[in-house]
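Participant: I would like the atomic coordinates for the input below:
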Amino acid sequence: MSKVNSFEELNVWKKSRSFNQVLFKITSDGLFDKEYDLKRQIRRASISISSNIAEGFERNTDKEFIQFLY
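Facilitator: Have a look, this model is predicted:
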């Protein structure tokens, strides 16, 4: 298995970014126009997935990285 040099190389991070794009499209639909707070919460939650993966990857130990994944 080759060494991963950045979090952008992780498949799980790539999938989380795709998930963000899908959720942003879904919440852009007219059904969410009146539910502005719910729309913002869903979007923030999806962004936190990729952010936690990235932040955990930058930590010094596998133990800390795993903690961010939880």
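Participant: CA only for contacts and neighbour counts going forward, please
Facilitator: Fine.
Participant: what's the residue nearest the centre of the chain in contact with, if anything?
Facilitator: By C-alpha atoms, centre = their mean, the chain has its centre lying nearest to residue 50, at 2.3 Å. Residue 50 sits next to 13, 16-17 when contact means C-alpha atoms under 8 Å, 6 or more residues apart in numbering.
Participant: Let me have those in a markdown table, extended by pLDDT, distance to residue 25 and secondary structure.
Facilitator: Formatted as a markdown table, these follow (pLDDT from 0 to 100; distance: C-alpha to C-alpha, whole Å; DSSP: H, G, I helix; E, B strand; the rest coil):
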| residue | pLDDT | distance to residue 25 | secondary structure |
| --- | --- | --- | --- |
| 13 | 95 | 19 | helix |
| 16 | 96 | 14 | helix |
| 17 | 96 | 13 | helix |
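Participant: Closest one to residue 59 out of those, please.
Facilitator: residue 13 (15.5 Å; C-alpha to C-alpha).
Participant: before we move on, which element is the residue lying closest to that closest one once chain neighbours are set aside in?
Facilitator: The spatially closest residue to residue 13, leaving aside those adjacent along the chain, is residue 50, at 5.7 Å (C-alpha to C-alpha, 6 or more residues apart in numbering). In the assignment (DSSP states H and E), residue 50 maps to helix 36-57.
Participant: what comes up buried for stretch 41-50?
Facilitator: Buried residues in stretch 41-50, counted by 16 or more other C-alpha atoms under 10 Å: 43, 46-47, 49-50.
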